[in-house]
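**Q** this is the structure alone, sequence omitted:
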DNA sequence: AATAAGTGTTACACTTACTGTAACAATTAT
DNA sequence: ATAATTGTTACAGTAAGTGTAACACTTATT
């Protein structure tokens, strides 16, 4: 799954959970968002580690939101599910003379990409699950 | 090659070409940037179609810049080598009831991602090959 | 005309990554 | 005990990426 697909799938699952306080099991959520239950559990497991959802094992278990929709920011979700950043540089380390042009260009792009990364995350920080749900109502 | 790697490799090749008006062949450029000559020709071929480099076949042929470094914008290079955008949404089309929540969330993200895309390209528009070369001098 | 040096593109084997599903240990309510 | 549930691992199958070679086409030189 691409980063963007994981993100939208997560939001679909979270907005499903937000509609009701009762825990929902992975099968039910997966059916609603249209993916495989096992796959969904992997996603929700990451969201759980980030403190966005809580999960209960066992009978009557399931997933529920760990905080209010207005306290869940898109940026948190993004960071929870995606370790590799959207812009990253596979620097090629061959042919890298110390302080040569290639190395300097690599640094230029590392810097540029991290600036872009920050801007993307800033944009996502001001978006909450609640604001998304209101927008699509 | 990832988008970012293609971008930095292209800039390395272009800055190599900018140093001298005489055409350089793919072997020479490839050695300088540290990749395979055939792979480099594929990259430069895309830059050629975008009017950034010009190429001459035959003996004494090779690649050279088609415009001045101050008229080559990073955004042009990016668009020339990358058709798929950095942020794109693999919408999952299963389980998509007309005007349902899933569909609306898809549209929300398509919109968000295209905003981000525009911002990235705006950022790249103001960067020229010349400005990069001066920065890394 | 023949040759040598180029580009541009295609093909192909190889490897790597992704995908979807199933399985199962661990957990918990009944 | 039993049934329902999460969390994680494993695995086969498929898709995607990689690097190289090959070769048709082009052009300057002799």
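**A** Sure thing, it's come through. Just so we're clear, the structure is a prediction, and the values are computed from it rather than from any experiment.

**Q** for chain A, name the helix or strand with the lowest mean pLDDT.
**A** Least confident helix or strand, chain A: helix A:101-125 with a mean of 90, by mean pLDDT, DSSP states H and E.

**Q** quick one: average confidence on the helix or strand following that helix?
**A** The first helix or strand that comes after helix A:101-125 along the chain, using DSSP states H and E, is helix A:129-135. Helix A:129-135 shows an average pLDDT of 97 in the prediction.

**Q** buried ones in helix A:129-135?
**A** A:129, A:132, A:133 (16 or more other C-beta atoms under 10 Å in any protein chain shown). The C-beta positions use only the backbone N, C-alpha and C, and glycine is treated the same way.

**Q** which residues of chain A lie near DNA strand C?
**A** Selection of chain A residues close to DNA strand C by C-beta under 7 Å from any atom of the strand yields A:1, A:2, A:36, A:38, A:39, A:56, A:57, A:58, A:59, A:60, A:61.

**Q** just these now: which is nearest DNA strand C?
**A** residue A:58 (2.3 Å; C-beta to the nearest atom of the strand).

**Q** what's the burial count for that closest one?
**A** Neighbour count for residue A:58, taken as other C-beta atoms under 10 Å in any protein chain shown: 6.

**Q** who are the contact partners of residue A:80?
**A** Residue A:80 makes contact with A:10, A:46, A:47, A:49, A:50, A:52 under the criterion C-beta atoms under 8 Å, 6 or more residues apart in numbering or on different chains.

**Q** now restrict those residues to buried residues only.
**A** A:10, A:46, A:47, A:52.

**Q** returning to what we had before: out of the buried residues of helix A:129-135, which touch chain B?
**A** With C-beta under 8 Å from any C-beta of the partner chain as the criterion, the buried residues of helix A:129-135 include residue A:132 near chain B.

**Q** can I get the buried residues of helix A:129-135 in TSV with distance to DNA strand D?
**A** What follows is those, written out as TSV (distance: C-beta to the nearest atom of the strand, whole Å):
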residue	distance to DNA strand D
A:129	19
A:132	23
A:133	22
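
**Q** before we move on, the earlier item: what's the angle between the least confident helix or strand of chain A and helix B:101-125?
**A** 140 degrees (axes from the mean of the first three to the mean of the last three C-alpha atoms, to 10 degrees).

**Q** now helix A:101-125: buried residues?
**A** Neighbour-count burial for helix A:101-125, counted by 16+ other C-beta under 10 Å, picks out A:101-106, A:108-110, A:112-113, A:116, A:120-121, A:124.

**Q** is there any residue in that helix that contacts chain B?
**A** Yes. Contact between helix A:101-125 and chain B, assessed by C-beta under 8 Å from any C-beta, occurs at A:101-102, A:104-109, A:112-113, A:115-116, A:119-120, A:123.

**Q** tell me the centre residue of chain A?
**A** residue A:78 (2.6 Å; C-alpha atoms, centre = their mean).

**Q** tilt between the stretch of helix or strand that one belongs to and helix B:101-125?
**A** Applying DSSP H and E as the criterion places residue A:78 in helix A:74-81. With the same axes, to 10 degrees applied, the angle from helix A:74-81 to helix B:101-125 works out at 90 degrees.

**Q** shaky segments in chain A?
**A** A:83-99 (pLDDT under 70).

**Q** again, only using 90
**A** A:1-5, A:34, A:82-103, A:106-107, A:110, A:113-114, A:116-118, A:120-121, A:137 (pLDDT under 90).

**Q** got the residues of it near DNA strand D?
**A** Chain A comes close to DNA strand D at residues A:24-27, A:37-38, A:41-42, A:44-45, A:48, A:55-63, as judged by C-beta under 7 Å from any atom of the strand.
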